[in-house]
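Trainee: can't give you the sequence, but here's the structure:
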């Protein structure tokens, strides 16, 4: 068997350098990580004229340096690492285990890269110059010979490595420098009480400003500090302390992992620290720091950062990276949940077995089961914290509700005593005015209590309906599959007799099931987060989508719906769910009227008109109209002419329209002979 060597083209080398890691900050970080692995205490990064092409980058460290073997069989080798994470360095650090691809990208930021290194305890220094132009003009990488120069030096404290990247191919702007400064400060966990003794420094004003900011360390001013841990067996524990360090809540594994049935987490041992701030002027009124100071600090360093074996893994915790979905969960359920702009935190992982594997381009971890389990652990810890805060908030509200009547009674008695002390000639008018005010206030409270009860009832009904629809989806699928099987088998068995005996009842069942599915789609659609989010709501598009969903339901009841939309695309700021609830309730009222009066040739018209910034939405039908109840009373909750009605549909319509700044009206017998409901809504444009 003859000897041979693996050879690859310089084009692959160029593409690796340009495509794997095009971001300057990530490439420079890889070079800094090499200084960390070499047991450097400090690493200085100098930038010279980088705001224009042709500038230079210089990276110096005081580490152990590299010997000849370290350069030839380590530094210059791509795709393989001589570092073993199971063997710690001289200072007890776990090597970062880079495969050299990120280093390649950094070295190719310039046209020339020069590496000089002074090995610890050896009286020599080595240097190698990489001229990328030579590679670009060669066909194969092996055609270019790199010469390592050796020179003598005196033994002494001067050891470490220096990397110079000269004649930069592209400029590095101010924002990129600021991003690099932030990444360098966060690299070795500046928040830890037991730092790894590694301090990278960027010689630039942006770094000095941020370094000063990070030293402020406002952790003691956090309102809540969550501390959660997962051990080698996947078991967890968590606690929450206040700004004094006093414990508020704690839990064992069963409490934290309740949502997963107590199953252990299949991830490396980790600790999760999360500091939560309540950013309000009132909460900072008695503190020695200002709200602005903490806001600026959180803008610079907020989010949850992820550290593996002492070094930060990007991009977790970057401003654009909400890897724990804090903001999404806050939007879905905002009460007592933090967002990325109100917290600072870290997940620190000890992973000597390399269970978590970084991607080739060093942009985070491969989303293996271990990483997803680590993420689930952090999310479950935050969910547990949110639940504890919610419990406390509910208890606080219950106490306030219990205390409110007593406080009100005291205030009333105080006013009455003050009136009694007034001069006799003015006492009687004041007493009359106060009694009138007291009656108005009592009436307002009764109406508010009634409205609260109404919407609690609506919430219960909505939750019950959504749960029913969700749970009925499987039985509905069984019915659909079964009726199709019956249809096929009956056609084969009965042949010509099928149409006479079974066709009509089978089609009736099919239409009924389609109606159930349509009704379920509407119910679940109203509860979807996207539907409930406020934004630009396009009236015609929203109504059209709702009518399409209702179509099987309407077809089954032989109802024809015509839309007579005005020209243009009128829209307002609202949620689609609000528009859906208005139209769906009006359709439901028309359908109920048709059934009650046994109307034939059923017709509904949905019409829009725009005039002077107002949209008029009319829903008309050819049913019996509004009978047996006054126009004024149809909007009151509980008022209905349907024997089994709730009287809530039009009350919902009225309240929703009023919340949108609109108005409601009704005609007992409109253009089609039946009821006509008229809605006026202020719009933003057409």
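Mentor: Everything's here; your move. Being a predicted model, the structure only gives us computed values, none of them experimental.
Trainee: list the contacts of residue 670.
Mentor: 620, 625, 676 (C-beta atoms under 8 Å, 6 or more residues apart in numbering). (C-beta placed from N, C-alpha, C; glycine too.)
Trainee: most neighbours among those, please name it.
Mentor: With neighbours defined as other C-beta atoms under 10 Å, the most crowded of these is residue 620; it has 24 neighbours.
Trainee: now the strands for the stretch 451-600 of the chain?
Mentor: 535-538, 559-564, 571-574 (DSSP state E, counting those that start in this stretch).
Trainee: lowest-confidence one in the contacts of residue 670?
Mentor: The member of those with the lowest pLDDT is residue 625, at 91.
Trainee: what about the nearest residue to it once chain neighbours are set aside, which SS state?
Mentor: Distance criterion C-beta to C-beta, 6 or more residues apart in numbering; nearest residue to residue 625, sequence neighbours excluded, is residue 669 at 4.2 Å. Counting by DSSP: H, G, I helix; E, B strand; the rest coil, the backbone at residue 669 sits in coil.
Trainee: okay, the strands of the stretch 451-600 of the chain in JSON lines with mean pLDDT next?
Mentor: Formatted as JSON lines, the strands of the stretch 451-600 of the chain follow (pLDDT from 0 to 100):
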{"stretch": "strand 535-538", "mean pLDDT": "85"}
{"stretch": "strand 559-564", "mean pLDDT": "93"}
{"stretch": "strand 571-574", "mean pLDDT": "87"}
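Trainee: tell me which of these sits most buried.
Mentor: strand 571-574 (a mean of 18; mean count of other C-beta atoms under 10 Å).
Trainee: low pLDDT regions in the stretch 451-600 of the chain?
Mentor: Applying pLDDT under 70 to the stretch 451-600 of the chain flags the ranges 451-474, 518-533.
Trainee: returning to that earlier point: looking at the strands of the stretch 451-600 of the chain, which is nearest to residue 380?
Mentor: For the strands of the stretch 451-600 of the chain, proximity to residue 380 was assessed by C-beta to C-beta; strand 535-538 is nearest, at 30.6 Å.
Trainee: identify all contacting residues around that closest one.
Mentor: Residues from elsewhere that reach strand 535-538, judged by C-beta under 8 Å, 6+ apart: 569, 570, 571, 572, 573, 574, 575, 576, 578, 579, 684.
Trainee: which one of the residues you listed is nearest to residue 476?
Mentor: Distance to residue 476 across the contacts of strand 535-538 (C-beta to C-beta) is lowest for residue 576, with 24.8 Å.
Trainee: I'd say that closest one and residue 543 touch.
Mentor: No. Counting by C-beta atoms under 8 Å, residue 576 stays clear of residue 543, with 10.0 Å between them.
Trainee: those two - which one has more neighbours?
Mentor: residue 576 (23 against 20).
Trainee: gap between the more buried one and residue 536?
Mentor: 10 Å (C-beta to C-beta, to the nearest Å).
Trainee: same check, this time on residue 122
Mentor: In terms of C-beta to C-beta, residue 122 sits 69 Å off from residue 536.
Trainee: again with residue 38
Mentor: Going from residue 38 to residue 536 by C-beta to C-beta gives 55 Å.
Trainee: before we move on, what about residue 596?
Mentor: For residue 596, the distance to residue 536 - C-beta to C-beta - is 38 Å.
Trainee: cool, and residue 676?
Mentor: Distance, residue 676 to residue 536, using C-beta to C-beta: 28 Å.
Trainee: look up phi and psi at residue 169.
Mentor: Main-chain torsions, residue 169, degrees, to the nearest 10: phi -80, psi -30.
Trainee: and the helices in the stretch 401-550 of the chain?
Mentor: 424-494, 497-501, 503-527, 529-532, 539-556 (DSSP state H, counting those that start in this stretch).
Trainee: sorry, that was for the stretch 251-400 of the chain
Mentor: Assigned helices in the stretch 251-400 of the chain, in chain order: 253-256, 291-301, 326-332, 369-420 (criterion: DSSP H, counting those that start in this stretch).
Trainee: what's the least confident stretch among those helices?
Mentor: helix 326-332 (a mean of 78).
Trainee: go through that helix and flag the buried ones.
Mentor: Using 16 or more other C-beta atoms under 10 Å as the test for burial, helix 326-332 gives 326, 329, 330.
Trainee: closest to residue 352 among those?
Mentor: Using C-beta to C-beta, those come closest to residue 352 at residue 326, 29.3 Å.
Trainee: tell me who's in contact with that closest one.
Mentor: Contacts of residue 326 (C-beta under 8 Å, 6+ apart): 304, 337, 338, 339, 340, 343, 382.
Trainee: looks like the first one contacts residue 317 (just checking).
Mentor: Right, the one you point to is residue 304. Yes. Under the criterion of C-beta under 8 Å, residue 304 makes contact with residue 317 at 5.6 Å.
Trainee: need the overlap of contacts for the two.
Mentor: Counting by C-beta under 8 Å, 6+ apart, the shared contacts of residue 304 and residue 317 are 323, 346.
Trainee: what about the spatially closest residue to residue 254 that is not a sequence neighbour, how many neighbours?
Mentor: Nearest non-adjacent residue to residue 254, counting by C-beta to C-beta, 6+ apart: residue 262, 5.3 Å away. Residue 262 is flanked by 13 other residues according to other C-beta under 10 Å.
Trainee: repeat that for residue 9.
Mentor: 14.
Trainee: that one and residue 142 touch, don't they?
Mentor: No. Residue 9 sits out of contact with residue 142 when judged by C-beta under 8 Å, with a separation of 10.1 Å.
Trainee: if we can go back for a sec, how close does the residue nearest to residue 254 sit to residue 234?
Mentor: Going from residue 262 to residue 234 by C-beta to C-beta gives 11 Å.
Trainee: which other residues reach the helix or strand where residue 239 lies?
Mentor: Using DSSP states H and E, residue 239 falls within strand 236-241. For strand 236-241, contacts defined as C-beta under 8 Å, 6+ apart pick out 224-230, 247-253, 255-257, 265, 377, 381, 384-385, 388.
Trainee: show me how to select, in ChimeraX, the buried members of those residues.
Mentor: Entered in ChimeraX, the line below selects the buried ones among the contacts of strand 236-241, by 16+ other C-beta under 10 Å:
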select :224,225,226,227,228,229,230,249,251,253,255,256,257,265,377,381,384,385,388
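Trainee: contacting residues for residue 585?
Mentor: With C-beta under 8 Å, 6+ apart, residue 585 has these contacts: 649, 650, 652, 653.
Trainee: mind listing what's buried in stretch 678-686?
Mentor: Neighbour counts over stretch 678-686 (16+ other C-beta under 10 Å) mark 678, 679, 680, 681, 683 as buried.
Trainee: mind checking which of those land in strands?
Mentor: 678, 679, 680, 681 (DSSP state E).
Trainee: I'd like the residues you listed as JSON lines, with distance to residue 28 and pLDDT appended.
Mentor: Listed next are those as JSON lines, based on distance: C-beta to C-beta, whole Å; pLDDT from 0 to 100:
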{"residue": "678", "distance to residue 28": "66", "pLDDT": "94"}
{"residue": "679", "distance to residue 28": "60", "pLDDT": "93"}
{"residue": "680", "distance to residue 28": "61", "pLDDT": "93"}
{"residue": "681", "distance to residue 28": "55", "pLDDT": "91"}
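Trainee: tell me the buried residues in stretch 316-328?
Mentor: Using 16+ other C-beta under 10 Å as the test for burial, stretch 316-328 gives 316, 317, 318, 321, 322, 323, 324, 326.
Trainee: among these, name the ones in strands.
Mentor: Among those, no member falls in strands (DSSP E).
Trainee: mind putting those residues into TSV with distance to residue 217?
Mentor: Shown next, in TSV, are the buried residues of stretch 316-328 (distance: C-beta to C-beta, whole Å):
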residue	distance to residue 217
316	21
317	17
318	21
321	23
322	23
323	24
324	22
326	22
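Trainee: go through the residues you listed and say which is closest to residue 49.
Mentor: Distance to residue 49, by C-beta to C-beta, is smallest for residue 318 among the buried residues of stretch 316-328, at 27.1 Å.
Trainee: and the closest one, what's its pLDDT?
Mentor: Note on residue 318: pLDDT of 89.
Trainee: ok, it to residue 215 distance?
Mentor: Distance of residue 318 to residue 215, given as C-beta to C-beta: 21 Å.
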